[in-house]
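J.: Fold the following for me, if possible:
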Amino acid sequence: MANQVTLSDSLNSALTLSVSDVLTDLGGIPADRLVAGASPTVPARADISDLAKAHANGRFCELVDGVLVEKSMGYRESLLAMMLGRFLLDFVEKGQLGLVSGPDGFVQLFPSLVRGPDVAFISWERLPGRKPPTDAYPTIVPDLVIEIISAGNTRAEMARKRREYFQAGVRLVWMIDPLRRSVAVFTSVTESTVLQDDQSLGGCDVLPGLTISLAEVFAVLDAGPEQLSDP
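T.: You can find the predicted model right below:
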């Protein structure tokens, strides 16, 4: 009697076939961050229209490899994002350098990849017609991306994000660690410098002249109103 070939035997082992495979590909994220009704055995596929529906239903997520992934962010992380955006926006507006977006400023980096950086700067030179985009998910690449690391993020997930950003053409990535109160400044996928909360953050060759006191940024986590200063 000939050996029977099951479905699993006939599939290529390089394919992503299950939710477990998807979670691994996404950097070992928790299963509860998958959106759009992924089944226990086969991941649900999604596109930009599904992303728009999820956002309309209040699900704050990104589109990654055709899968909707809920962003991981808490209140403390949003405070840091707003503080960094505040300093960044003040500098950018004074120099009329471009636009600064927040965590709901989603951009399409590749056909199946839409990311929502916690904060991002894009120069006028990268904007078609030097005007703000009108699309909900514009196909543009920021010059600077800021990601605030949350408890739900994994090291592998953040490493994947860095690779994607630089592959798309992002020039500078700041990864903020609220727990350790430090910033990893990436000028490429492999080149980085870690700054502590007693140091200042600079804009490198993306925003030359920018200086942000990390002590003032992280002060929002534990200071009262009398201790917070204007940028």
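J.: Show me where this structure has its helices.
T.: Per DSSP state H, the chain carries helices over the ranges 7-10, 19-25, 48-56, 75-95, 155-168, 214-218.
J.: Who are the packing partners of the fifth one?
T.: Yep, that's helix 155-168 we're talking about. On a contact count with 3 or more Cβ pairs under 8 Å, 6 or more residues apart in numbering; DSSP states H and E, helix 155-168 meets strand 107-110, strand 113-115, strand 144-148, strand 172-177. Where C-beta positions appear, they are placed from N, C-alpha and C, glycine not excepted.
J.: Just name the most buried of those.
T.: Stretch with highest mean neighbour count among these: strand 144-148 (a mean of 25; mean count of other Cβ atoms under 10 Å).
J.: ok, residues contacting it?
T.: For strand 144-148, the external contacting residues (Cβ atoms under 8 Å, 6 or more residues apart in numbering) are 73, 77-78, 80-81, 84-85, 88, 117-121, 158, 161, 165, 170-176, 178, 203, 206-207.
J.: So for that strand, mean pLDDT?
T.: Here strand 144-148 scores 98 as its mean pLDDT.
J.: repeat for stretch 110-118
T.: The average pLDDT for stretch 110-118 rounds to 95.
J.: With just CA atoms, put that stretch into CSV.
T.: Written as CSV, here are the backbone C-alpha positions of stretch 110-118 (Å, rounded to 0.1, in the frame of the first residue of the first chain):
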residue,chain,number,x,y,z
PHE,A,110,5.6,49.0,1.4
PRO,A,111,2.5,47.5,-0.3
SER,A,112,1.8,45.2,2.7
LEU,A,113,3.4,47.3,5.4
VAL,A,114,1.7,50.3,7.1
ARG,A,115,3.4,51.5,10.3
GLY,A,116,2.3,54.2,12.8
PRO,A,117,5.4,55.5,14.4
ASP,A,118,4.8,57.1,17.8
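J.: Nearest residue to the most centrally placed residue in the chain in space, please, no chain neighbours.
T.: Per Cα atoms, centre = their mean, the C-alpha nearest to the average position across the chain is that of Pro117, at 3.5 Å. Excluding the flanking residues, the one nearest Pro117 by Cβ to Cβ, 6 or more residues apart in numbering is Val145, at 4.4 Å.
J.: Report the separation between the one you found and Asp65.
T.: From Val145 across to Asp65, the span is 19 Å (Cβ to Cβ, to the nearest Å).
J.: Ok, Leu113 next?
T.: From Leu113 to Asp65 the distance is 7 Å (Cβ to Cβ).
J.: who touches Cys97 in this structure?
T.: To be clear, residue 97 is Leu; Cys isn't right here. Contact analysis of Leu97 by Cβ under 8 Å, 6+ apart lists Phe91, Phe121, Ser123, Trp124, Leu207.
J.: Any chance of a markdown table for the residues you listed, columns neighbour count and distance to Val100?
T.: Shown next, in a markdown table, are those (neighbours: other Cβ atoms under 10 Å; distance: Cβ to Cβ, whole Å):
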| residue | neighbour count | distance to Val100 |
| --- | --- | --- |
| Phe91 | 19 | 9 |
| Phe121 | 27 | 5 |
| Ser123 | 17 | 11 |
| Trp124 | 13 | 12 |
| Leu207 | 22 | 10 |
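J.: among those residues, which two are most distant?
T.: Maximum pairwise distance among the contacts of Leu97 (Cβ to Cβ): 14.6 Å, between Phe91 and Trp124.
J.: where in the chain is pLDDT low?
T.: 1-17, 36-44, 223-231 (pLDDT under 70).
J.: hmm, back to that, right, and the helices of the chain - which one's nearest Ala184?
T.: That would be helix 155-168 among the helices of the chain, by Cβ to Cβ, at 9.1 Å.
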